[in-house]
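K.L.:
model this:
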Amino acid sequence: MYSQNAVNEFGPIPTAFEFVPNDNFELIGSTLEPEPIKEFDPNFEEELFFFEDEVTFEQALKVSDETILEGIVTYMVCNETMCMPPIDVEFRIELSNEK
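P.N.:
As a prediction, this is how the structure comes out:
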């Protein structure tokens with residue numbers, strides 16, 4: 001899976017998050033990711049930023065009432081010989097304002 005930070009417009013599609021607006025929460029800052037692997041990819045002929053095996057992205061929120069966080073994550077994966085087309089995955093996460 002590739003980083004959210006695109007190297008250029010001709011490389012792989014960066015991971016992206018889209019959140020459905022909701023009056024019961026506020027996004028704080030942007031979606032964070034760990035330090036990606038940086039490696040030259042001969043297929044794209046450039047240095048790429050990606051994750052192997054698994055990755056956790058984090059988004060800080062201010063929640064005012066119980067609600068559902070809905071959105072879509074778009075990502076792309078490749079191996080040494082080919083890339084899959086970008087995939088959109090919908091998500092729903094129950095939120096509460098409990099401390």
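
K.L.:
looks like M84 contacts Y75 (just checking).
P.N.:
No: in this structure M84 lies outside contact range of Y75 using CB atoms under 8 Å: 9.5 Å. Any C-beta I mention is one placed from the backbone N, CA and C, and that applies to glycine too.

K.L.:
among those two, which residue is more densely surrounded?
P.N.:
It is Y75, of M84 and Y75, that has more neighbours when counted by other CB atoms under 10 Å, with 20 against 10.

K.L.:
leaving out chain neighbours, which residue sits closest to the more buried one?
P.N.:
Closest residue in space to Y75, ignoring its immediate chain neighbours: T15 at 4.5 Å, by CB to CB, 6 or more residues apart in numbering.

K.L.:
how much space separates that neighbour from I72?
P.N.:
From T15 across to I72, the span is 11 Å (CB to CB, to the nearest Å).

K.L.:
between those two, who's got more neighbours?
P.N.:
In this comparison of T15 against I72, neighbours counted by other CB under 10 Å, the higher total goes to T15 at 24 against 13.

K.L.:
what's the more buried one sitting at in phi/psi?
P.N.:
Backbone geometry at T15, expressed as degrees, to the nearest 10, gives phi -70, psi 140.

K.L.:
point out where this structure drops to low pLDDT.
P.N.:
Low-confidence segments of the chain, defined by pLDDT under 70, span residues 7, 99.

K.L.:
quick one: the strands in it?
P.N.:
Assigned by DSSP state E, the strands in the chain fall at 16-19, 25-32, 37-41, 46-50, 58-63, 67-75, 87-95.

K.L.:
mind checking which of the ones you listed is nearest S3?
P.N.:
S3 lies closest, by CB to CB, to one member of the strands of the chain: strand 46-50, at 3.7 Å.
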